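1. Using only what follows, build the 3D model:
(one chain, ligands or ions: 1)
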Amino acid sequence: MINLREYMIDHLRSLTTSLLDAENPVYTLRPEMVELMAILRDFQSTAFVRQNDITEGETRTPNGLAVSPTMAAMCADDYVRTITFMRGAHAAILDIQKEFPERPVRVLYVGCGPYATLAVPLMTVLSSREISFTLLDVHPESIDSVKTIINSLGLTDAVASYETMDADSYRVSPDQPPDIILMEIMQACLQAEPQVAITRHLLKQAQDSILVPEEVRIDLILTDISREFNFNSPQQYQGSTQRDRIAVSPVFTLNRETVKSWNCNQTNRLPASDVRIPSILDERYQPMLFTTVQVYKNYVLRDYDSGLTCPRALSIGGALKPGDTIKFHYELGEHPGLHAEVSERLDKG
Ligand SMILES: C[S@@+](CC[C@H](N)C(=O)[O-])C[C@H]1O[C@@H](n2cnc3c(N)ncnc32)[C@H](O)[C@@H]1O
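-> Numbers count the residues shown, from 1 in each chain. Here you go, the predicted model:
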């Protein structure tokens, strides 16, 4: 007779298979995602339900905000994000597996949160001969919860270790570096959370590891807000063709190459682009920052797919004029983020 654990694993496997199946459009998969998360919630020890104050328990690290276990639990609800990350991580694992079929693929999952949402489902479709996760989070409640879920589901063989610490203190084993560094500790425009600093810290120690996400790019786009959110008819809601935007320039990119280029930089200031506002600027257009997350290869989150890629207004104090040059830089530290200032005004005299 099949026991409850086996039944749940079968059920999780079947949901995960649907979520990973590229034939299924990501936007249609919310019911499967909700069901999968309900199973993980059933197996956890502490309930990370929405409290009055969902920020309670967050930690301010020297490199940015580590969101509370409650907020981390809620991240799964951003289901297009969650599924795209799961698919990207799975594709990266399969690619490494082809290279090293004789051993499990080593994944360092930073900021796993209370459900290890991007790992546990994959453990049901890959065996412990194929995959080995190191699960890390700064919050002990999250690691306790993940341990309970993984023990209850009998998936312990797929875990190399649990690490309760700030990822900034994590030392990669030189003998067994991770094949993949998986982490989503970011917000739109790489604001507030420590994705940039932790990516730097880990990639320095494991230069050949695949990053998931591979790239996060921020672009400056002049946007006619009145056309941006006009969803009155289905014809109008057809994506960027109906919107009125002027792409200006990429402003800041986080990927393997840029991280390498910052190796000698000892300051808290990372370089970003200087951008000249085109002469066609008129009042209709607002400068907006758009975030694109290339999770892995063709698994990409674009504007409005996720909270991570929600466009944000650029704040520079005062209106922009055609010909202005905006100087950008990325500031590391407790409150990381992109900074902008107008450095030249054509009309100055
Ligand atoms: C946005 S949540 C993501 C949760 C989950 N991985 C997911 O994708 O649904 C970010 C998680 O990263 C953890 N975190 C943030 N900064 C960290 C750091 N410097 N070291 C360790 N964990 C960190 C937080 O505690 C939180 O659990």
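2. Which elements pack onto the top strand by length along the chain?
-> If you go by DSSP state E, the chain has its longest strand at strand 285-296. The contact analysis (3 or more CB pairs under 8 Å, 6 or more residues apart in numbering; DSSP states H and E) places strand 285-296 against helix 79-99, strand 210-212, strand 215-224, strand 245-254, strand 299-301, strand 312-313. Using the backbone N, CA and C atoms, a C-beta is placed for each residue, glycine as well.
3. Any chance of the ones you listed in JSON lines with mean pLDDT, mean neighbour count and distance to Met37 as columns?
-> Putting these into JSON lines (pLDDT from 0 to 100; neighbours: other CB atoms under 10 Å; distance: least, CB to CB, whole Å) gives the following:
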{"stretch": "helix 79-99", "mean pLDDT": "98", "mean neighbour count": "20", "distance to Met37": "9"}
{"stretch": "strand 210-212", "mean pLDDT": "98", "mean neighbour count": "23", "distance to Met37": "20"}
{"stretch": "strand 215-224", "mean pLDDT": "95", "mean neighbour count": "21", "distance to Met37": "25"}
{"stretch": "strand 245-254", "mean pLDDT": "92", "mean neighbour count": "18", "distance to Met37": "28"}
{"stretch": "strand 299-301", "mean pLDDT": "98", "mean neighbour count": "21", "distance to Met37": "19"}
{"stretch": "strand 312-313", "mean pLDDT": "94", "mean neighbour count": "13", "distance to Met37": "27"}
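4. Make CSV out of these and add distance to the ligand.
-> Formatted as CSV, the helices and strands packed on strand 285-296 follow (distance: least, CB to the nearest ligand atom, whole Å):
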stretch, distance to the ligand
helix 79-99, 6
strand 210-212, 11
strand 215-224, 14
strand 245-254, 15
strand 299-301, 12
strand 312-313, 17
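5. Compile those into TSV and extend it with columns for distance to Thr28.
-> Formatted as TSV, those follow (distance: least, CB to CB, whole Å):
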stretch	distance to Thr28
helix 79-99	10
strand 210-212	23
strand 215-224	26
strand 245-254	27
strand 299-301	16
strand 312-313	28
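6. Would you tell me which of those gets closest to Glu283?
-> Closest approach to Glu283 among those (CB to CB): strand 215-224, 9.8 Å.
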